[in-house]
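[1] coords below, sequence missing:
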Ligand code: AMP
Ligand code: GLY
């Protein structure tokens, strides 16, 4: 197959790498890709958010499939544009990508579909939002409706923090249009995990569970990031929960979207809160009766979850993606290898705040781990330089989680660039479970 992968991060390198593992040989392109994808595919100098540019390339080159990595081009209608020119595209149309692009819309869909989630109310008026706070208890979660680069969510421990977050969004317009509406949402207790479901509009195949590490420092301290590491499977998702996740969360959402005229294809990523202890005094457990509640949906593969999940998937990956994109997904399209995976992000000093770019990276050649590039650039003389906050995603595999984590860190130890850092406790929650 001739396939274009859109995006330039670790997720897109992992997708491209996994496509290159298929027994069938594919002709692979990335727009714009990075130094890692350049070794597997032809990088095309078109930005991931350049909907017109990507569509024009697809019209001229007629790929069999376009796989869209990030959310921004999905929300901007890249898949709609590709549909119009008759090119198969993996990812939801813009109306479907609102499951990620608008938290209010996602809540409406969940409510209509009976999907377990925290209760929430939407406001455009700061005074009204503040007046509603006491009903939610503390902590309480304040969320900008729209895309705010992962920064639009505040978990407020006190009423003063909640009020300040409401003012930031509704009065000071900190997030512009994305924060013109805010959700006040019930805080959910428990442990988070990610389920990426491959979906074709009607059917769904759950990919293996995973868990991300959002905070920058060990012990889940410091500010939120795009993700500092991940592992798969996540033991918090016990096998007995999977049928309910599919039947009570993923499929009802697809049916509800269909009712609204939206055929949702691609990945439906459910960020879930699992609470087996039923210990939430104000929480939705009593209301929804569910120990698994939805925190958020994303309209795409997670990053860095993808770097841990895809190496575990067997079968012909291109066929699985094409079947999802064209409405004929089958359970047999995905097989899961009996291996664990862990991925460690190596980042630039200062991230998620400001950081320097252009540092030369050593230790990529002959690295024993799978090294996916997140923010890198290759120079004309063959050096690889840092070009982002998250620089590399280093994945180890093994028969159990401990050996997967060890394999990932063995890879990380070989890598060096000025001011690099990484978390050293990836998968700690799994190990704490024993
Ligand atoms: P979101 O962008 O909605 O995924 O929110 C970012 C992060 O904020 C999540 O990954 C959670 O860690 C946290 N969060 C969001 N909503 C809630 C909630 N209702 N209860 C507890 N934590 C939440
Ligand atoms: N790892 C979180 C995300 O992709 O949104």
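    The structure has been received and is ready for your questions. What you are looking at is a predicted structure, and each value in this text was computed from that prediction instead of being measured. Ligands and ions are numbered 1, 2, ... in the order given.
[2] how would you label residue 358: helix, strand or coil?
    Look at residue 358: counting by DSSP: H, G, I helix; E, B strand; the rest coil, its state is coil.
[3] what is the neighbour count of it?
    Neighbour count of residue 358, defined by other C-beta atoms under 10 Å: 12. (Each C-beta comes from the backbone N, C-alpha and C, glycine too.)
[4] distance-wise, check it relative to residue 125.
    Computed as C-beta to C-beta, to the nearest Å, the residue 358 to residue 125 distance reads 46 Å.
[5] so which residues on the stretch 151-300 of the chain come close to ligand 2?
    Within the stretch 151-300 of the chain, the positions lying close to ligand 2 (C-beta under 6 Å from any ligand atom) are 212, 227, 298.
[6] can you pull out the helices in the stretch 151-300 of the chain?
    Taking DSSP state H, counting those that start in this stretch, the helices of the stretch 151-300 of the chain run over residues 159-166, 242-244, 251-259, 284-288.
[7] please identify the buried residues of the longest one?
    So that's helix 251-259. 251-254, 256-257 (16 or more other C-beta atoms under 10 Å).
[8] dump the residues you listed to a markdown table, plus pLDDT and distance to ligand 1.
    Below are the buried residues of helix 251-259 laid out as a markdown table (pLDDT from 0 to 100; distance: C-beta to the nearest ligand atom, whole Å):
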| residue | pLDDT | distance to ligand 1 |
| --- | --- | --- |
| 251 | 98 | 21 |
| 252 | 98 | 19 |
| 253 | 98 | 15 |
| 254 | 98 | 20 |
| 256 | 98 | 19 |
| 257 | 98 | 19 |
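[9] turn the residues you listed into CSV, including distance to residue 234.
    Conversion of the buried residues of helix 251-259 to CSV gives the following (distance: C-beta to C-beta, whole Å):
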residue, distance to residue 234
251, 21
252, 22
253, 21
254, 23
256, 26
257, 26
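[10] among the residues you listed, which two are most distant?
    Of all pairs drawn from the buried residues of helix 251-259, the one with the longest distance (C-beta to C-beta) is 251 and 257, at 10.8 Å.
[11] so residue 162 touches residue 131, yeah?
    No - judged on C-beta atoms under 8 Å, residue 162 makes no contact with residue 131 at a distance of 11.7 Å.
[12] quick one: which of these two has more around it?
    Taking neighbours as other C-beta under 10 Å, residue 162 and residue 131 compare with residue 162 leading, 23 against 11.
[13] in the stretch 251-400 of the chain, what residue comes closest to ligand 2?
    residue 302 (3.5 Å; C-beta to the nearest ligand atom).
[14] for that residue, helix, strand, or coil?
    coil.
[15] I'd assumed residue 213 was in contact with it.
    No - with contact defined as C-beta under 8 Å, residue 302 does not count as touching residue 213 (11.9 Å).
[16] shared neighbours, those two?
    Here residue 302 and residue 213 share the contacting residues 227, 230, scored by C-beta atoms under 8 Å, 6 or more residues apart in numbering.
[17] what's the distance between residue 46 and residue 14?
    Residue 46 is 20 Å from residue 14, by C-beta to C-beta.
[18] in terms of neighbours, single out the busier of those two.
    More crowded of residue 46 and residue 14, by other C-beta under 10 Å: residue 14, with 31 against 21.
[19] so what's the backbone phi/psi at that one?
    The phi/psi pair for residue 14 (degrees, to the nearest 10) reads phi -70, psi -40.
[20] what's the spacing between it and ligand 1?
    Residue 14 sits 21 Å away from ligand 1, going by C-beta to the nearest ligand atom, to the nearest Å.
[21] that residue touches residue 310, doesn't it?
    Yes - in this structure, residue 14 is within contact of residue 310 by C-beta under 8 Å, at 5.0 Å.
[22] all strands of the stretch 151-300 of the chain, in order?
    Assigned by DSSP state E, counting those that start in this stretch, the strands in the stretch 151-300 of the chain fall at 153-156, 182-186, 191-200, 204-206, 211-212, 215-217, 221-224, 229-232, 265-274, 292-298.
[23] ok, residue 233 - how many residues close by?
    For residue 233, using other C-beta under 10 Å, the count is 22.
[24] again, but for residue 76
    Neighbour tally, residue 76, other C-beta under 10 Å: 18.
[25] what's the answer for residue 432, then?
    Using other C-beta under 10 Å, residue 432 has 7 other residues around it.
[26] which element is it on?
    helix 428-433 (DSSP states H and E).
[27] report the buried residues of that helix.
    Quick answer for helix 428-433 (16+ other C-beta under 10 Å): 428-430.
[28] ok, so of those residues, who is nearest residue 137?
    Closest to residue 137, out of all of these and judged by C-beta to C-beta, is residue 429, at 25.1 Å.
[29] flag every residue of the chain that's near ligand 1.
    118, 141, 153, 155, 185-188, 192, 214, 271, 295-296.
[30] just give me the closest of those residues to residue 420.
    residue 214 (19.5 Å).
[31] I figured the closest one hits residue 223, correct?
    No - with contact defined as C-beta under 8 Å, residue 214 does not reach residue 223; the gap is 9.2 Å.
[32] circling back to that earlier point, show me which of residue 302 and residue 213 is the more surrounded one.
    Just comparing residue 302 and residue 213: by other C-beta under 10 Å the higher neighbour count belongs to residue 213, 25 against 22.
[33] now for that one: which residues touch it?
    By C-beta under 8 Å, 6+ apart, the contact list for residue 213 reads 220, 227-230, 423, 426.
[34] return the helix or strand in the chain with minimum mean pLDDT.
    helix 284-288 (a mean of 44; mean pLDDT, DSSP states H and E).
[35] remind me, longest helix of the protein?
    Longest helix in the chain, counting residues (DSSP state H): helix 401-414.
[36] of the residues of the stretch 151-300 of the chain next to ligand 2, just say which sits nearest to residue 92.
    Nearest to residue 92 among these is residue 298, at 10.5 Å by C-beta to C-beta.
[37] so who does the most centrally placed residue in the chain touch?
    By C-alpha atoms, centre = their mean, the chain has its centre lying nearest to residue 302, at 1.9 Å. Contacts for residue 302 (C-beta under 8 Å, 6+ apart) come out as 11, 194, 196, 210, 212, 227, 230, 269.
[38] and for residue 47, the neighbour number?
    Neighbours of residue 47 using other C-beta under 10 Å come to 15.
[39] tell me what the residue lying closest to it once chain neighbours are set aside is bridged to.
    Spatially, and ignoring its direct neighbours in sequence, residue 47 is nearest to residue 32 (6.0 Å; C-beta to C-beta, 6 or more residues apart in numbering). Residue 32 has the following beta-bridge partners by DSSP bridges: residue 7.
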